[in-house]
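S.K.: Just the structure for this:
(chains A and B)
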Amino acid sequence: MGKRSETVTSRAATLKETSEAIIALTDNEVLKLKRIADKRSSVLSIGGGHQNWGDEVLQEAFTKVLSGEKKWPIEKINIMTCLSQAIKNIVGHEVDRVTKSLEGKSVPYDSASHLSTLVDSASQNPLLLVEAERQMETVKIALNDDPLLLELIEYKLAGFDPKEIREGMKLGEKEYNALDIKLKRRITAVLER
Amino acid sequence: MKNSNKIQNIKDLNMISEMLALEVEGFSDQQLIDDCKNNGKDSASLIKSTRNILSDAVKKSRQKNLESARENYNKKAKLLSGQNMRVHSSPAERKKLFETLLSKLPSLDPGFALQFREYKTMSDEDIVSVLEQAEALGFLDGIDE
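M.R.: Residues are numbered from 1 along each chain as shown, chains lettered A, B, ... in the order given. Alright, predicted model coming up:
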């Protein structure tokens, strides 16, 4: 007898399930989402024009998930993962739109997005490129006193994974992890100053 | 510096933002609180402001769903009231409509017509019931105008 093939379908949560799960988020989960949105959207702030990018991104993420535009496969992932994905997609889409537009390429526009309108008005700021350059300079200056941190950020920006970086920098796992934490703390301090 | 290098700065900053966000995703509750404290953020006020955004989004979503449900209800109610107008007119009008229906039925559904050969003995209540069924089946469309 042949093997019975089973198709596992991923059910999308109903709007009721989604709003109940969002309302039931704990304080720490809410805080985590806020911090994730703030960190991810810090790249949007380089165009200026708006103070609370994290809040704008969060609002858009909640709206997309609650409306079902971003589906929540309830049996596969929890609501936190779904909302984190929504935040990532929203910021990723906006960064992609801005960089492509600066490269002179045509960009699909999310007409339903309030955020896109804000990003567009900010990204028309002629200081955008100068500001991005200034921020990257600031990050590098903050790491300047530690050649290992500078080397680590260069590896990361070049897209190497942790294993490759450890091999390239000849670091053990513990040394790498400690250096990685130090790098993130240093950059966070610079970007959130 | 070339423009493409400047655009690369935006992409690099995006990668750094991504790296920091991924770190937060893996934070324990205590690490999360410590991270806020170390960066001069008041976690209680962040929670409060984020809950406001969340509640606002939920409220707007419910209003939107309610509006959409109300719109659907109104559409159905309009449709039903249209049906009732035809079916619940006077007994004489209903009988006339029923006769018209029967005259057209052989071409629509011979089986249906055959059931009502003795319609002259049918009560008004029975006629209403048949008209309602005929309406639901779409048999009344265009024949009672």
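
S.K.: for chain A, which helix is longest?
M.R.: Counting by DSSP state H, the longest helix found in chain A is helix A:79-102.

S.K.: Same question for chain B.
M.R.: In chain B, with assignment by DSSP H, the single longest helix is helix B:43-87.

S.K.: Grab the CA positions of the longest helix of chain A and hand them over as CSV.
M.R.: Coordinates of each C-alpha in helix A:79-102 appear next as CSV, following Å, rounded to 0.1, in the frame of the first residue of the first chain:
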residue,chain,number,x,y,z
ILE,A,79,1.1,36.4,17.5
MET,A,80,4.4,37.9,18.6
THR,A,81,6.2,36.3,15.7
CYS,A,82,3.5,37.4,13.3
LEU,A,83,3.6,41.0,14.5
SER,A,84,7.5,41.0,14.4
GLN,A,85,7.3,39.7,10.8
ALA,A,86,4.8,42.5,10.0
ILE,A,87,7.2,45.1,11.5
LYS,A,88,10.1,43.7,9.5
ASN,A,89,8.1,43.6,6.3
ILE,A,90,6.8,47.2,6.7
VAL,A,91,10.3,48.7,7.4
GLY,A,92,11.9,46.5,4.7
HIS,A,93,9.4,47.6,2.1
GLU,A,94,9.9,51.3,2.9
VAL,A,95,13.7,51.0,2.9
ASP,A,96,13.5,49.2,-0.4
ARG,A,97,11.3,51.9,-1.8
VAL,A,98,13.5,54.7,-0.7
THR,A,99,16.8,53.2,-1.9
LYS,A,100,15.3,52.1,-5.2
SER,A,101,13.9,55.6,-5.7
LEU,A,102,17.3,57.1,-5.0
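
S.K.: what are the ranges of the helices in chain A?
M.R.: Counting by DSSP H, the helices of chain A are A:15-23, A:27-41, A:53-67, A:79-102, A:114-123, A:128-143, A:147-157, A:162-169, A:173-191.

S.K.: that older thread, elements contacting the following helix or strand past the longest helix of chain B?
M.R.: Toward the C-terminus, helix B:43-87 is succeeded by helix B:91-108 as the next helix or strand (DSSP states H and E). Where contact means 3 or more Cβ pairs under 8 Å, 6 or more residues apart in numbering or on different chains; DSSP states H and E, helix B:91-108 is packed against helix B:110-115, helix B:124-137. In short, each C-beta sits where N, CA and C put it, glycine included.

S.K.: lowest-confidence stretch among those helices?
M.R.: Among the helices and strands packed on helix B:91-108, helix B:110-115 carries the lowest mean pLDDT, at a mean of 60.

S.K.: which residues sit in contact with the residue sitting nearest the centre point of chain A?
M.R.: Per Cα atoms, centre = their mean, the C-alpha nearest to the average position across chain A is that of residue A:40, at 3.4 Å. Taking Cβ atoms under 8 Å, 6 or more residues apart in numbering or on different chains as the criterion, residue A:40 is in contact with A:54, A:57, A:87-88, A:91, B:17-18, B:21.

S.K.: same question, residue A:148
M.R.: A:169, A:179.
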